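Asker: Output the structure for:
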Amino acid sequence: MSWWKNDNQKMADRRRKIRMKRISGEREREFYELSPVSGAEQEPKEGARGMIRVTRLNDEVLYLNIFQIECMESIPETKIKMMNGYYFLVKDSADSVIEQMKTFFRSCFVSNDGNKGE
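Answerer: Reported below is the predicted structural model:
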């Protein structure tokens with residue numbers, strides 16, 4: 001009977017490991033062949049326009065493409081749903097995310113010398 005418990009325990013450990021990878025986001029990073037380094041340790045590239053900075057509940061910093069945001073929901077935290085179906089729970093308020101988006105869109109229509117629409 002001990003072999004039965006060992007096999008069941010091994011299967012349970014594998015499932016637990018997969019579940020923890022999914023929760024941490026490591027599985028998606030492996031699938032998309034991204035760096036194993038978390039978003040908190042990565043800085044956005046120069047000229048990364050159209051991105052907003054948000055903080056996950058575990059203090060990991062994410063940069064999201066504003067053109068891929070489908071909707072947001074304010075529960076005690078903010079839930080941001082992306083076009084691909086993924087969603088992120090973040091500490092930032094929905095108002096702060098919207099303000100970042102407005103700032104980006106204003107920068108698209110105002111030139112560096114301050115002339116609007118030219």
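
Asker: got any ranges where the chain has weak pLDDT?
Answerer: Counting by pLDDT under 70, the chain contains low-confidence ranges at 1-5, 21-49, 110-118.

Asker: again, 80 this time
Answerer: Residues of the chain meeting the criterion pLDDT under 80: 1-8, 18-50, 107-118.

Asker: Which parts of it are helices?
Answerer: Using DSSP state H, the helices of the chain run over 2-24, 26-31, 94-109.

Asker: For Arg53, which non-adjacent residue is spatially closest?
Answerer: Tyr63 (5.7 Å; Cβ to Cβ, 6 or more residues apart in numbering). C-beta coordinates here come from the backbone N, C-alpha and C atoms, glycine included.

Asker: Tally up the residues packed near that neighbour, please.
Answerer: Around Tyr63 there are 15 other residues, counting by other Cβ atoms under 10 Å.

Asker: my read: it touches Ile52, true?
Answerer: Yes - contact criterion Cβ atoms under 8 Å: Tyr63 and Ile52 qualify, at 7.0 Å.

Asker: one step back: could you check how far the residue nearest to Arg53 is from Val54?
Answerer: Tyr63 sits at a distance of 8 Å from Val54 (criterion: Cβ to Cβ, to the nearest Å).

Asker: Now for these two: what residues contact both?
Answerer: Common contacts of Tyr63 and Val54 (Cβ atoms under 8 Å, 6 or more residues apart in numbering): none found.
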